[in-house]
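Enquirer: How does the following fold in three dimensions:
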Amino acid sequence: MHDDVLVALISTIGSIIVAYITTQQRNKPTENDKLREENKKLKEKIKHENHH
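Expert: Take a look at the predicted model:
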């Protein structure tokens, strides 16, 4: 039971952090776009590596 509470707490804190970061990044769209672009490149790279 104690573990369930801990997991719930951690995921709640994680959601709060993600929400906070998202709102912070809305103020800096350039940074957000940069991150999204890098993320896209990494995903493509991983896709290519998985096919080989």
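Enquirer: contacting residues for the residue nearest in space to the middle of the chain?
Expert: In the chain, the C-alpha closest to the average C-alpha coordinate belongs to Val18, at a distance of 7.0 Å (CA atoms, centre = their mean). Contacts for Val18 (CB atoms under 8 Å, 6 or more residues apart in numbering) come out as none. For the C-beta atoms, the positions are set from N, CA and C on the backbone; glycine is no exception.
Enquirer: For it, pull up the helix or strand it's in.
Expert: According to DSSP states H and E, Val18 maps onto helix 2-26.
Enquirer: What average pLDDT does that helix get?
Expert: For helix 2-26, mean pLDDT is 89.
Enquirer: what separates it from the chain centre, distance-wise?
Expert: The chain centre lies 11 Å from the centre of helix 2-26; the measure is CA atoms, centre = their mean, to the nearest Å.
Enquirer: cool, stretch 23-40 as well?
Expert: Chain-centre distance of stretch 23-40: 11 Å, with CA atoms, centre = their mean.
Enquirer: Ok, stretch 33-51 next?
Expert: Relative to its parent chain, stretch 33-51 has a centroid offset of 14 Å by CA atoms, centre = their mean.
Enquirer: So which residues make contact with it?
Expert: Contact with stretch 33-51 is made by Gln25, as judged by CB under 8 Å, 6+ apart.
Enquirer: Number the chain from 452, please
Expert: Sure, I'll start numbering at 452, so the last one becomes stretch 484-502.
Enquirer: averaged over its residues, what pLDDT does that stretch have?
Expert: Stretch 484-502 shows a mean pLDDT of 88.
Enquirer: how far off helix 453-477 does the following helix or strand past the helix holding Val469 point, in degrees?
Expert: The first helix or strand that comes after helix 453-477 along the chain, using DSSP H and E, is helix 480-502. Put simply, helix 480-502 runs at 120 degrees to helix 453-477, going by axes from the mean of the first three to the mean of the last three CA atoms, to 10 degrees.
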